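Asks: A predicted structure for the sequence below; I have some questions about it.
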Amino acid sequence: MSNIAKLMISLALMSQLFSVVFAQDKALITVPRYDDADEFLPPAEKRNIERVKLVLKQQPGEETFTAISKRSVSIKIVAKIPDGAKAGVVLFVGGNSVLSMGADDKLERSFNFTSRSREYYWPLGFATFLVDAPSDHLDKEGLTPQFRNTPEFAEDIKAVIALISAKFKKPLYAVGHSNGAVATAALAAMPELPILSYTLVSPAHMQWPGMDLVVKTKYTKPVFIVENTRDECRYSSAGSVDGLARSISSPSVIVSWVEAGKPPIGGPCGPFGFHSFFGAEQAAVEAIVKNLN
């Protein structure tokens, strides 16, 4: 076979490959990403007289992975695997779970507790995998608790865990804050996935359709609850946690309390209050990690 013929065959194969990739990308379901930082950050910055950290952009050593679910959506995962990491935490975000991602797939201004506290895991020997909303739920509503109860969301979680497991061959733990605890409960309903425990941080579990999944799920592995003693959010108040712990079906349930934080600069369920460990992010992460060692 001549060199020209070989070149023509190679070009044809490359053309087929690019066509397949393009078709897959084109077939993915997506909606424009909503960034609510413009709504929350300017007033918070004005009230933040103690200069508590409000955001944590993508840091050196972090990279963004993209999982593809069987239902033709993509899910971004902002990951950092420190040298010598002994385990990893899969982090599910509260609120609508839509991260502030730029066009370059890097985290920009996400201000929820889960996003702004991830750096505290790294010196403790933990890799972090921050999970975005799927590409068809990037609008203002984002991931509702109801959708986190669906088989479609279960498919998304499977794709996320499969990709993380392929990239990181060490123990994995799931951690979900507020509405992220509902996602963690959805994950726990699939005990075949390689997750060793489930940590519910200020878990949303009351007064809204879908949040009851946190209670309804039958956990086959240990459950840890981390809560702020001053959390007054109506979906996850500190006063409801002991009852929640008694209601959960699990081999073991351990509740850890954090008694710290700065005066809130927002509502009781918002990102800059006791519910979200405002000014006590490191203490909260240390309480989470203590249960995982």
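Replies: Alright, I've got the coordinates. These numbers come from a predicted model, not from an experiment.
Asks: From here on, just use CA atoms for contacts and neighbour counts.
Replies: Noted.
Asks: In three-state terms, label T220 for me.
Replies: Under the three-state scheme (DSSP: H, G, I helix; E, B strand; the rest coil), T220 adopts coil.
Asks: Now do the contacts for it.
Replies: Counting by C-alpha atoms under 8 Å, 6 or more residues apart in numbering, T220 touches A188, P191, S250, P251.
Asks: same check, this time on V98
Replies: Counting by C-alpha under 8 Å, 6+ apart, V98 makes contact with R33, Y34, D35, D132, A133, H137, L138, D139, G142, L143.
Asks: so which of the contacts of T220 is the most crowded?
Replies: A188 (23 neighbours; other C-alpha atoms under 10 Å).
Asks: Give me the mean pLDDT for stretch 66-80.
Replies: Regarding stretch 66-80, the rounded mean pLDDT is 98.
Asks: and it, how far apart are its ends?
Replies: Using C-alpha to C-alpha, to the nearest Å, the end-to-end distance of stretch 66-80 comes to 14 Å.
Asks: How far does that stretch sit from its chain's centre?
Replies: Mean C-alpha position of stretch 66-80 versus that of the full chain (C-alpha atoms, centre = their mean, to the nearest Å) differs by 12 Å.
Asks: picking up where we left off before, could you redo the contacts of V98 as CSV and give each row pLDDT, secondary structure and neighbour count?
Replies: Listed next are the contacts of V98 as CSV, based on pLDDT from 0 to 100; DSSP: H, G, I helix; E, B strand; the rest coil; neighbours: other C-alpha atoms under 10 Å:
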residue, pLDDT, secondary structure, neighbour count
R33, 95, coil, 19
Y34, 94, coil, 16
D35, 90, coil, 19
D132, 98, coil, 26
A133, 98, coil, 23
H137, 98, coil, 24
L138, 97, coil, 22
D139, 97, coil, 18
G142, 96, coil, 21
L143, 96, coil, 25
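Asks: Report the two of those residues separated the most.
Replies: Across the contacts of V98, no pair lies farther apart than D35 and L143, at 13.7 Å, counting by C-alpha to C-alpha.
Asks: The contacts of T220 in strands, which ones?
Replies: Among the contacts of T220, no member is found in strands (DSSP state E).
Asks: and those residues as a markdown table, adding pLDDT and distance to T66?
Replies: A markdown table is the format used below for those (pLDDT from 0 to 100; distance: C-alpha to C-alpha, whole Å):
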| residue | pLDDT | distance to T66 |
| --- | --- | --- |
| A188 | 98 | 22 |
| P191 | 97 | 23 |
| S250 | 97 | 32 |
| P251 | 97 | 33 |
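Asks: Nearest the middle, which residue of this structure would you pick?
Replies: F92 (2.1 Å; C-alpha atoms, centre = their mean).
Asks: Would you confirm that that one contacts A181?
Replies: Yes. Between F92 and A181 there is a contact under C-alpha atoms under 8 Å: 7.2 Å.
Asks: Assumed L163 was part of a helix.
Replies: Yes. The assignment for L163 is a helix, going by three-state DSSP.
Asks: And it, what's its pLDDT?
Replies: On pLDDT, L163 comes in at 98.
Asks: Surely it is in contact with A67?
Replies: Yes. Judged on C-alpha under 8 Å, L163 makes contact with A67 at a distance of 6.2 Å.
Asks: okay, these two: which has more neighbours?
Replies: More crowded of L163 and A67, by other C-alpha under 10 Å: A67, with 22 against 16.
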